[in-house]
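A.B. asks: this one's structure only:
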Ligand SMILES: NC(=O)c1ccc[n+]([C@@H]2O[C@H](COP(=O)([O-])OP(=O)(O)OC[C@H]3O[C@@H](n4cnc5c(N)ncnc54)[C@H](OP(=O)(O)O)[C@@H]3O)[C@@H](O)[C@H]2O)c1
(Lines give C-alpha, C1' and ligand atoms only; values in the text may rest on other atoms or scores of the structure.)
Protein backbone atom coordinates (compact mmCIF):
# COMPACT_ATOMS: atom_id res chain seq x y z
CA UNK A 1 0.00 0.00 0.00
CA UNK A 2 1.25 3.45 -0.89
CA UNK A 3 2.11 5.68 2.05
CA UNK A 4 1.75 8.70 -0.16
CA UNK A 5 -0.97 11.29 0.40
CA UNK A 6 -3.50 11.25 -2.43
CA UNK A 7 -4.45 14.83 -3.28
CA UNK A 8 -7.15 15.69 -5.81
CA UNK A 9 -7.18 19.22 -7.21
CA UNK A 10 -9.75 20.86 -9.47
CA UNK A 11 -9.38 24.19 -11.28
CA UNK A 12 -5.62 23.96 -11.76
CA UNK A 13 -5.79 25.56 -15.21
CA UNK A 14 -7.41 28.57 -13.55
CA UNK A 15 -6.08 31.66 -11.86
CA UNK A 16 -6.29 30.41 -8.26
CA UNK A 17 -5.77 26.70 -8.90
CA UNK A 18 -2.70 27.17 -11.10
CA UNK A 19 -1.00 29.33 -8.49
CA UNK A 20 -1.83 26.84 -5.74
CA UNK A 21 -0.60 23.83 -7.75
CA UNK A 22 2.66 25.68 -8.49
CA UNK A 23 3.16 25.96 -4.71
CA UNK A 24 2.52 22.24 -4.24
CA UNK A 25 5.07 21.40 -6.96
CA UNK A 26 7.65 23.36 -4.94
CA UNK A 27 6.52 21.94 -1.57
CA UNK A 28 9.33 20.18 0.34
CA UNK A 29 7.02 17.17 0.83
CA UNK A 30 6.11 16.96 -2.87
CA UNK A 31 7.74 13.48 -3.22
CA UNK A 32 5.22 12.15 -0.70
CA UNK A 33 2.20 13.48 -2.61
CA UNK A 34 0.21 11.69 -5.31
CA UNK A 35 -1.43 14.71 -6.95
CA UNK A 36 -4.31 14.09 -9.35
CA UNK A 37 -5.83 16.96 -11.29
CA UNK A 38 -9.15 17.06 -13.14
CA UNK A 39 -8.91 19.15 -16.31
CA UNK A 40 -11.00 19.64 -19.41
CA UNK A 41 -8.22 20.14 -21.94
CA UNK A 42 -6.33 17.03 -23.15
CA UNK A 43 -3.39 19.22 -24.22
CA UNK A 44 -3.11 20.77 -20.78
CA UNK A 45 -3.42 17.32 -19.21
CA UNK A 46 -0.29 16.24 -21.10
CA UNK A 47 1.57 19.35 -19.97
CA UNK A 48 0.54 18.69 -16.37
CA UNK A 49 1.79 15.10 -16.55
CA UNK A 50 5.16 16.44 -17.66
CA UNK A 51 5.24 18.44 -14.41
CA UNK A 52 4.87 15.25 -12.37
CA UNK A 53 1.17 15.14 -11.54
CA UNK A 54 -1.63 12.88 -12.70
CA UNK A 55 -4.17 14.50 -14.99
CA UNK A 56 -7.62 13.07 -15.63
CA UNK A 57 -9.45 14.60 -18.58
CA UNK A 58 -13.05 15.38 -17.74
CA UNK A 59 -15.51 17.83 -16.32
CA UNK A 60 -16.52 18.36 -12.73
CA UNK A 61 -20.09 18.20 -14.06
CA UNK A 62 -19.47 14.46 -14.46
CA UNK A 63 -20.64 13.57 -10.98
CA UNK A 64 -19.74 9.88 -11.20
CA UNK A 65 -16.18 10.76 -12.18
CA UNK A 66 -15.82 13.35 -9.40
CA UNK A 67 -17.22 10.93 -6.83
CA UNK A 68 -14.87 8.14 -7.95
CA UNK A 69 -11.83 10.44 -7.88
CA UNK A 70 -12.75 11.81 -4.44
CA UNK A 71 -13.24 8.25 -3.14
CA UNK A 72 -9.53 7.65 -3.82
CA UNK A 73 -8.38 10.88 -2.14
CA UNK A 74 -7.08 11.79 1.29
CA UNK A 75 -7.30 15.47 0.45
CA UNK A 76 -9.47 17.29 -2.08
CA UNK A 77 -8.71 20.91 -2.95
CA UNK A 78 -11.56 22.36 -5.04
CA UNK A 79 -10.65 25.55 -6.91
CA UNK A 80 -12.81 25.41 -10.03
CA UNK A 81 -16.24 26.76 -9.21
CA UNK A 82 -17.44 27.97 -5.82
CA UNK A 83 -21.05 27.55 -6.93
CA UNK A 84 -21.16 24.13 -8.53
CA UNK A 85 -23.41 22.36 -6.05
CA UNK A 86 -23.36 19.04 -7.93
CA UNK A 87 -19.57 18.92 -8.07
CA UNK A 88 -19.35 19.71 -4.35
CA UNK A 89 -21.90 17.11 -3.31
CA UNK A 90 -20.32 14.47 -5.59
CA UNK A 91 -17.03 15.22 -3.82
CA UNK A 92 -18.73 14.76 -0.44
CA UNK A 93 -20.16 11.38 -1.52
CA UNK A 94 -16.71 10.27 -2.67
CA UNK A 95 -15.05 11.37 0.56
CA UNK A 96 -17.73 9.60 2.57
CA UNK A 97 -16.81 6.38 0.74
CA UNK A 98 -13.14 7.04 1.43
CA UNK A 99 -13.92 7.35 5.12
CA UNK A 100 -16.02 4.18 5.14
CA UNK A 101 -13.44 2.17 3.24
CA UNK A 102 -10.27 3.31 5.04
CA UNK A 103 -11.44 4.54 8.43
CA UNK A 104 -9.44 7.71 7.87
CA UNK A 105 -10.94 11.21 7.96
CA UNK A 106 -10.31 12.89 4.63
CA UNK A 107 -9.73 16.62 4.21
CA UNK A 108 -11.85 18.85 1.98
CA UNK A 109 -10.46 22.32 1.21
CA UNK A 110 -13.10 24.15 -0.79
CA UNK A 111 -12.85 27.54 -2.47
CA UNK A 112 -15.74 29.90 -1.81
CA UNK A 113 -15.44 33.70 -1.80
CA UNK A 114 -16.28 36.81 0.19
CA UNK A 115 -19.08 37.39 -2.30
CA UNK A 116 -21.03 35.46 0.36
CA UNK A 117 -21.06 38.72 2.34
CA UNK A 118 -22.43 40.88 -0.51
CA UNK A 119 -25.27 43.31 0.15
CA UNK A 120 -27.41 45.35 -2.22
CA UNK A 121 -25.68 48.75 -1.98
CA UNK A 122 -25.60 49.38 -5.75
CA UNK A 123 -22.51 51.52 -5.16
CA UNK A 124 -24.37 54.12 -3.13
CA UNK A 125 -22.97 53.55 0.38
CA UNK A 126 -20.45 51.60 2.38
CA UNK A 127 -21.51 49.31 5.18
CA UNK A 128 -20.12 49.25 8.71
CA UNK A 129 -20.78 45.49 8.97
CA UNK A 130 -17.45 43.68 8.98
CA UNK A 131 -17.37 39.89 9.12
CA UNK A 132 -14.76 38.05 11.16
CA UNK A 133 -13.77 34.56 10.00
CA UNK A 134 -12.96 33.63 13.61
CA UNK A 135 -16.57 34.27 14.64
CA UNK A 136 -18.69 31.29 13.52
CA UNK A 137 -21.85 32.73 15.09
CA UNK A 138 -21.54 35.83 12.91
CA UNK A 139 -20.92 33.72 9.82
CA UNK A 140 -23.95 31.60 10.65
CA UNK A 141 -26.04 34.79 10.76
CA UNK A 142 -25.65 35.01 6.97
CA UNK A 143 -28.87 34.11 5.17
CA UNK A 144 -28.79 30.70 3.44
CA UNK A 145 -29.70 32.52 0.23
CA UNK A 146 -26.41 34.44 0.01
CA UNK A 147 -24.14 33.68 -2.95
CA UNK A 148 -21.97 30.52 -2.45
CA UNK A 149 -23.83 29.72 0.77
CA UNK A 150 -25.78 26.64 -0.41
CA UNK A 151 -22.52 24.87 -1.26
CA UNK A 152 -20.67 26.06 1.86
CA UNK A 153 -23.50 24.86 4.10
CA UNK A 154 -23.50 21.34 2.60
CA UNK A 155 -19.79 21.10 3.23
CA UNK A 156 -20.06 22.25 6.84
CA UNK A 157 -22.91 19.77 7.34
CA UNK A 158 -20.66 16.95 6.09
CA UNK A 159 -17.99 17.98 8.58
CA UNK A 160 -20.57 17.87 11.34
CA UNK A 161 -21.51 14.34 10.32
CA UNK A 162 -17.88 13.52 10.98
CA UNK A 163 -16.76 11.65 7.87
CA UNK A 164 -14.44 14.47 6.75
CA UNK A 165 -12.89 17.69 7.96
CA UNK A 166 -13.85 20.76 5.96
CA UNK A 167 -11.95 23.98 5.41
CA UNK A 168 -13.48 26.73 3.31
CA UNK A 169 -11.18 29.38 1.82
CA UNK A 170 -12.93 32.62 0.90
CA UNK A 171 -10.71 34.88 -1.16
CA UNK A 172 -11.88 38.44 -1.77
CA UNK A 173 -10.94 40.50 -4.83
CA UNK A 174 -7.80 38.72 -5.91
CA UNK A 175 -5.38 40.92 -7.84
CA UNK A 176 -2.15 40.63 -9.79
CA UNK A 177 -1.17 38.85 -12.96
CA UNK A 178 -0.22 35.30 -12.01
CA UNK A 179 3.27 34.08 -12.87
CA UNK A 180 5.06 30.78 -12.41
CA UNK A 181 5.59 27.47 -14.10
CA UNK A 182 1.97 26.85 -15.08
CA UNK A 183 1.67 30.27 -16.69
CA UNK A 184 5.00 29.79 -18.50
CA UNK A 185 3.82 26.45 -19.91
CA UNK A 186 0.53 27.94 -21.09
CA UNK A 187 -1.50 25.83 -18.66
CA UNK A 188 -2.87 28.52 -16.35
CA UNK A 189 -5.12 31.53 -16.84
CA UNK A 190 -3.04 34.41 -15.38
CA UNK A 191 -5.91 36.89 -14.94
CA UNK A 192 -8.37 37.37 -12.11
CA UNK A 193 -12.13 37.88 -12.48
CA UNK A 194 -13.45 41.08 -10.95
CA UNK A 195 -11.01 43.82 -11.91
CA UNK A 196 -10.36 42.40 -15.41
CA UNK A 197 -14.14 42.36 -15.95
CA UNK A 198 -14.24 46.06 -15.07
CA UNK A 199 -11.21 46.77 -17.22
CA UNK A 200 -12.69 45.03 -20.27
CA UNK A 201 -15.91 47.04 -19.87
CA UNK A 202 -13.94 50.26 -19.41
CA UNK A 203 -11.79 49.60 -22.47
CA UNK A 204 -14.95 49.05 -24.50
CA UNK A 205 -16.72 52.21 -23.29
CA UNK A 206 -13.53 54.30 -23.37
CA UNK A 207 -13.70 55.40 -19.75
CA UNK A 208 -13.34 53.99 -16.25
CA UNK A 209 -16.65 53.09 -14.62
CA UNK A 210 -18.37 52.13 -11.40
CA UNK A 211 -21.77 51.03 -10.19
CA UNK A 212 -23.55 54.03 -8.65
CA UNK A 213 -21.02 56.35 -7.04
CA UNK A 214 -18.60 53.55 -6.16
CA UNK A 215 -18.83 54.13 -2.40
CA UNK A 216 -19.10 50.40 -1.73
CA UNK A 217 -16.15 48.62 -0.15
CA UNK A 218 -14.50 45.29 -0.97
CA UNK A 219 -11.45 43.55 0.48
CA UNK A 220 -8.46 42.73 -1.70
CA UNK A 221 -5.69 40.15 -1.69
CA UNK A 222 -2.75 39.39 -3.94
CA UNK A 223 -2.74 36.14 -5.95
CA UNK A 224 0.63 34.96 -4.57
CA UNK A 225 -0.57 35.56 -1.04
CA UNK A 226 -3.79 33.66 -1.76
CA UNK A 227 -1.66 30.70 -2.87
CA UNK A 228 0.30 31.09 0.39
CA UNK A 229 -2.95 30.85 2.34
CA UNK A 230 -3.78 27.43 0.86
CA UNK A 231 -0.28 26.17 1.68
CA UNK A 232 -0.30 27.59 5.21
CA UNK A 233 -3.69 25.96 5.76
CA UNK A 234 -2.59 22.61 4.29
CA UNK A 235 0.60 22.60 6.37
CA UNK A 236 -1.29 23.55 9.49
CA UNK A 237 -3.73 20.66 8.99
CA UNK A 238 -0.96 18.17 8.20
CA UNK A 239 1.12 19.10 11.24
CA UNK A 240 -1.90 18.78 13.53
CA UNK A 241 -1.58 22.41 14.59
CA UNK A 242 -4.85 23.86 15.93
CA UNK A 243 -6.78 24.46 12.70
CA UNK A 244 -10.50 25.17 12.89
CA UNK A 245 -12.72 23.05 10.64
CA UNK A 246 -16.42 22.74 9.94
CA UNK A 247 -18.32 25.72 11.35
CA UNK A 248 -14.96 26.98 12.62
CA UNK A 249 -13.27 26.34 9.31
CA UNK A 250 -13.89 29.55 7.35
CA UNK A 251 -10.72 31.29 6.17
CA UNK A 252 -11.02 34.71 4.56
CA UNK A 253 -8.35 35.92 2.13
CA UNK A 254 -8.08 39.64 2.79
CA UNK A 255 -5.21 42.05 3.33
CA UNK A 256 -6.77 45.45 2.70
CA UNK A 257 -9.94 47.21 1.56
CA UNK A 258 -10.82 49.57 -1.27
CA UNK A 259 -13.82 51.44 -2.55
CA UNK A 260 -14.95 50.65 -6.06
CA UNK A 261 -14.51 54.36 -6.86
CA UNK A 262 -10.78 53.91 -6.20
CA UNK A 263 -10.65 50.99 -8.63
CA UNK A 264 -12.67 52.89 -11.26
CA UNK A 265 -10.36 55.87 -10.84
CA UNK A 266 -7.19 53.78 -11.28
CA UNK A 267 -8.64 52.20 -14.43
CA UNK A 268 -9.75 55.62 -15.76
CA UNK A 269 -6.26 57.06 -15.25
CA UNK A 270 -4.59 54.06 -16.86
CA UNK A 271 -6.85 54.41 -19.90
CA UNK A 272 -5.87 58.09 -20.23
CA UNK A 273 -2.17 57.18 -19.97
CA UNK A 274 -2.69 54.62 -22.76
CA UNK A 275 -4.50 57.15 -24.96
CA UNK A 276 -7.72 55.08 -24.74
CA UNK A 277 -9.70 57.80 -22.88
CA UNK A 278 -9.55 61.54 -22.31
CA UNK A 279 -11.24 61.51 -18.91
CA UNK A 280 -9.37 60.42 -15.74
CA UNK A 281 -12.59 60.24 -13.68
CA UNK A 282 -14.76 57.10 -13.63
CA UNK A 283 -18.43 57.53 -14.46
CA UNK A 284 -21.50 55.58 -13.38
CA UNK A 285 -22.41 52.60 -15.57
CA UNK A 286 -25.80 53.21 -17.18
CA UNK A 287 -28.49 50.50 -16.87
CA UNK A 288 -27.76 49.59 -20.51
CA UNK A 289 -24.07 49.14 -19.69
CA UNK A 290 -24.90 47.06 -16.61
CA UNK A 291 -26.87 44.78 -18.93
CA UNK A 292 -24.19 44.74 -21.62
CA UNK A 293 -21.14 44.13 -19.45
CA UNK A 294 -22.46 42.47 -16.27
CA UNK A 295 -25.53 40.52 -17.38
CA UNK A 296 -27.74 43.03 -15.56
CA UNK A 297 -26.01 42.44 -12.21
CA UNK A 298 -25.00 45.25 -9.83
CA UNK A 299 -22.73 42.84 -7.95
CA UNK A 300 -19.81 45.22 -8.45
CA UNK A 301 -21.79 47.77 -6.43
CA UNK A 302 -22.04 45.53 -3.35
CA UNK A 303 -20.17 45.74 -0.07
CA UNK A 304 -18.16 42.77 1.17
CA UNK A 305 -16.22 43.63 4.30
CA UNK A 306 -14.24 41.19 6.42
CA UNK A 307 -11.16 40.53 8.51
CA UNK A 308 -9.07 37.38 8.01
CA UNK A 309 -8.39 36.80 11.70
CA UNK A 310 -8.60 32.99 11.56
CA UNK A 311 -6.37 32.86 8.49
CA UNK A 312 -3.78 35.00 10.26
CA UNK A 313 -4.07 32.89 13.43
CA UNK A 314 -2.76 29.81 11.58
CA UNK A 315 0.29 31.76 10.42
CA UNK A 316 -0.81 33.40 7.18
CA UNK A 317 0.98 36.71 6.93
CA UNK A 318 0.01 38.73 3.86
CA UNK A 319 2.01 41.95 3.48
CA UNK A 320 0.52 43.50 0.33
CA UNK A 321 -1.63 46.59 0.90
CA UNK A 322 -4.49 48.44 -0.74
CA UNK A 323 -1.90 50.77 -2.31
CA UNK A 324 -0.12 47.79 -3.90
CA UNK A 325 -3.45 46.65 -5.31
CA UNK A 326 -4.35 50.06 -6.75
CA UNK A 327 -0.82 50.43 -8.19
CA UNK A 328 -1.17 47.01 -9.91
CA UNK A 329 -4.18 48.08 -11.96
CA UNK A 330 -2.16 49.99 -14.58
CA UNK A 331 -0.22 46.87 -15.64
CA UNK A 332 -3.45 44.85 -15.77
CA UNK A 333 -5.06 47.51 -18.01
CA UNK A 334 -1.99 47.48 -20.28
CA UNK A 335 -2.00 43.67 -20.50
CA UNK A 336 -5.72 43.46 -21.31
CA UNK A 337 -5.52 46.38 -23.77
CA UNK A 338 -2.86 44.45 -25.73
CA UNK A 339 -5.16 41.40 -26.08
N1 LIG B 1 -10.50 35.42 -8.90
C2 LIG B 1 -11.05 35.91 -7.82
O3 LIG B 1 -10.87 37.10 -7.47
C4 LIG B 1 -11.90 35.04 -6.93
C5 LIG B 1 -12.18 35.49 -5.65
C6 LIG B 1 -12.99 34.71 -4.83
C7 LIG B 1 -13.52 33.52 -5.28
N8 LIG B 1 -13.22 33.11 -6.56
C9 LIG B 1 -13.84 31.86 -7.01
O10 LIG B 1 -12.87 30.86 -7.17
C11 LIG B 1 -13.22 30.01 -8.27
C12 LIG B 1 -12.04 29.95 -9.25
O13 LIG B 1 -11.73 31.28 -9.62
P14 LIG B 1 -10.57 31.64 -10.65
O15 LIG B 1 -10.37 33.11 -10.55
O16 LIG B 1 -9.39 30.74 -10.44
O17 LIG B 1 -11.29 31.31 -12.03
P18 LIG B 1 -10.70 30.81 -13.45
O19 LIG B 1 -9.35 31.37 -13.70
O20 LIG B 1 -11.77 31.08 -14.43
O21 LIG B 1 -10.53 29.24 -13.24
C22 LIG B 1 -11.62 28.36 -13.24
C23 LIG B 1 -11.06 26.95 -13.28
O24 LIG B 1 -12.15 26.02 -13.14
C25 LIG B 1 -12.09 25.12 -14.23
N26 LIG B 1 -13.42 24.65 -14.59
C27 LIG B 1 -14.51 25.40 -14.85
N28 LIG B 1 -15.55 24.62 -15.16
C29 LIG B 1 -15.09 23.34 -15.11
C30 LIG B 1 -15.68 22.07 -15.34
N31 LIG B 1 -16.97 21.95 -15.70
N32 LIG B 1 -14.92 20.96 -15.15
C33 LIG B 1 -13.64 21.06 -14.78
N34 LIG B 1 -13.02 22.24 -14.56
C35 LIG B 1 -13.74 23.36 -14.72
C36 LIG B 1 -11.45 25.89 -15.36
O37 LIG B 1 -10.98 25.01 -16.33
P38 LIG B 1 -10.80 25.42 -17.89
O39 LIG B 1 -9.38 25.90 -17.99
O40 LIG B 1 -11.06 24.18 -18.61
O41 LIG B 1 -11.79 26.52 -18.20
C42 LIG B 1 -10.36 26.60 -14.57
O43 LIG B 1 -9.32 25.70 -14.28
C44 LIG B 1 -14.50 30.59 -8.89
O45 LIG B 1 -15.62 29.93 -8.40
C46 LIG B 1 -14.49 32.02 -8.38
O47 LIG B 1 -15.80 32.53 -8.24
C48 LIG B 1 -12.42 33.83 -7.38
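C.D. replies: Sure thing, it's come through. Keep in mind the model is a prediction, meaning the values are calculated, not measured. Residues are numbered from 1 along each chain as shown.
A.B. asks: for the ligand, what are the nearby residues on the stretch 51-200 of the chain?
C.D. replies: Proximity of the stretch 51-200 of the chain to the ligand (Cβ under 6 Å from any ligand atom) is limited to residues 59-61, 79-82, 111, 113, 171, 173-174, 189, 192-194. Just so you know, the C-beta spots here come from the backbone N, C-alpha and C atoms, and that holds for glycine as well.
A.B. asks: closest one of the residues you listed to residue 99?
C.D. replies: The shortest approach to residue 99 among those belongs to residue 60, at 20.8 Å (Cβ to Cβ).
A.B. asks: correct me if wrong: residue 271 contacts residue 202.
C.D. replies: Yes - contact status for residue 271 versus residue 202: in contact at 6.2 Å, counting by Cβ atoms under 8 Å.
A.B. asks: overlap of the contact sets of those two?
C.D. replies: Common neighbours of residue 271 and residue 202, using Cβ atoms under 8 Å, 6 or more residues apart in numbering, are 208, 277, 333.
A.B. asks: of those, which are in range of the ligand?
C.D. replies: By Cβ under 6 Å from any ligand atom, no member of the shared contacts of residue 271 and residue 202 lies near the ligand.
A.B. asks: what pLDDT is listed against the residue in the chain positioned nearest to the ligand?
C.D. replies: Closest to the ligand within the chain is residue 14: 2.1 Å, counting by Cβ to the nearest ligand atom. Model confidence at residue 14, given as pLDDT, is 98.
A.B. asks: picking that back up, buried ones only from the residues of the stretch 51-200 of the chain next to the ligand, please, as a PyMOL command.
C.D. replies: This is the PyMOL syntax for the buried subset of these, where burial follows 16 or more other Cβ atoms under 10 Å:
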select buried, resi 60+79+80+81+82+111+113+171+173+174+189+192+194
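A.B. asks: now, which of the residues of the stretch 51-200 of the chain next to the ligand lie within strands?
C.D. replies: Using DSSP state E, 111, 171, 173-174 are the members of those that sit in strands.
A.B. asks: without its sequence neighbours, what residue ends up closest to the residue of the chain closest to the ligand?
C.D. replies: Take residue 14 and drop its neighbours on the chain: the residue closest to it by Cβ to Cβ, 6 or more residues apart in numbering is residue 189, 5.4 Å away.
A.B. asks: over to residue 309?
C.D. replies: Nearest residue to residue 309, sequence neighbours excluded (Cβ to Cβ, 6+ apart): residue 134, at 4.2 Å.
A.B. asks: now do the contacts for the one you found.
C.D. replies: Shown in contact with residue 134 (Cβ under 8 Å, 6+ apart): 244, 309-310, 313.
A.B. asks: no further queries at this time; thank you.
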